[in-house]
Each structure stands twice: as C-alpha cells, then as structure tokens.
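Peer 1: My questions are about this predicted structure, shown below with the sequence.
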Amino acid sequence: MRLSHLVHAARHALRTEKGRQAAGSAADAVAGAARKRAPAHAQKIDRAHRSARDFLDRR
C-alpha cells in the first residue's frame, strides 16, 4: 500500500468521532510507553502529548 493511501485513510478516520477516540487512545498509549522508556524526557513527551490531544479535541 502506498503511503499516500495511508495518509488519506488516516485523515478520513479523523473526521469521525470513533477515529478521533482511537487516535486519542493511541496517543495516550504512546506517551505512556515513551515516559517509561525515557523518563528524563518526560516534560517534552508531556508537551507533545498535550499538543496531540489539543489537536484531536479541536476537530
């Protein structure tokens, strides 16, 4: 599958409430794993996580 098809599918999914919920859950899981793996960078990870959640909540 081409990358452009994946990008289109992801953008389409973000237009639905279910897709935004799934993306939010994925962002939470990734941020949690990153915090465990690199606790020294927790502040940067939290900032990126907040930014991602703000983006998802705006839509």
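Peer 2: Perfect, I can see it now.

Peer 1: Any stretches of this structure with poor pLDDT?
Peer 2: In the prediction, the chain carries residues with pLDDT under 70 at positions 1, 59.

Peer 1: What are the boundaries of the strands in it?
Peer 2: In order along the chain, the chain carries no strands (DSSP state E).

Peer 1: center of this structure, which residue is that?
Peer 2: A27 (3.5 Å; C-alpha atoms, centre = their mean).

Peer 1: Compute the number of surrounding residues for the residue lying closest to that one once chain neighbours are set aside.
Peer 2: What sits nearest to A27 in space, not counting adjacent residues and going by C-beta to C-beta, 6 or more residues apart in numbering, is A52, at 4.6 Å. Bear in mind the C-beta positions are built from the backbone N, C-alpha and C, glycine included. Neighbouring residues of A52 were enumerated by other C-beta atoms under 10 Å; the total is 17.

Peer 1: do A10 as well
Peer 2: The number of residues packed near A10 is 11, by other C-beta under 10 Å.

Peer 1: which residue ranges form the helices in the protein?
Peer 2: Remark: helices of the chain, listed N- to C-terminal, are 3-13, 17-37, 42-58; assignment by DSSP state H.

Peer 1: packing partners for the first one?
Peer 2: In this case it means helix 3-13. Other elements packing on helix 3-13 under the criterion 3 or more C-beta pairs under 8 Å, 6 or more residues apart in numbering; DSSP states H and E are helix 17-37.
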